[in-house]
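**Student:** Need a 3D model of the following:
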Amino acid sequence: MTHQGKTRKSYEAIIDAIVDALPVASYITIEELTRKTGCSWETAYRWLLIIMKVQDLPRVRSIKSPLGRGEVYSRDRAEYGGKKGPGEG
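**Tutor:** As a prediction, this is how the structure comes out:
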């Protein structure tokens, strides 16, 4: 027996839907965002907060592994909230 509940979107689909629904030169409410995305109020609000938090974090970068096995990752030196560390101009 299969569950006939709500269809679940992938995290990527939710993020894309939220970002695509946000206007560029104006603002919308969470209620308007839920209508445009089809997400619940709680889902839209939670993911909007996550998106804004990630935008404040230092940039994460990846390069091909020097050993030739996949990728390796690093982050910029900036602290949370865009603050610069000691000795960073």
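**Student:** Can you tell me which residue is spatially central in the protein?
**Tutor:** The centroid of the chain falls nearest to I51 when counting by Cα atoms, centre = their mean (3.6 Å).
**Student:** Check what pLDDT it gets.
**Tutor:** I51 is assigned a predicted lDDT (pLDDT) of 97.
**Student:** does it really touch I15, like I thought?
**Tutor:** Yes: between I51 and I15 there is a contact at 6.6 Å, judged by Cβ atoms under 8 Å. Just so you know, the C-beta spots here come from the backbone N, C-alpha and C atoms, and that holds for glycine as well.
**Student:** and I63, which of the three is it?
**Tutor:** Following DSSP: H, G, I helix; E, B strand; the rest coil, we place I63 in the strand state.
**Student:** Is it correct that the residue nearest to the centre of the chain falls within a helix?
**Tutor:** Yes: using three-state DSSP, the assignment for I51 is a helix.
**Student:** Apart from its chain neighbours, what residue comes closest to L33?
**Tutor:** Spatial nearest neighbour of L33, excluding adjacent residues (Cβ to Cβ, 6 or more residues apart in numbering): A44 at 4.9 Å.
**Student:** I'd assumed that neighbour was in a helix, is it?
**Tutor:** Yes: assignment of A44 by three-state DSSP places it within a helix.
**Student:** List the contacts of it.
**Tutor:** I18, I30, L33, T34, T37 (Cβ atoms under 8 Å, 6 or more residues apart in numbering).
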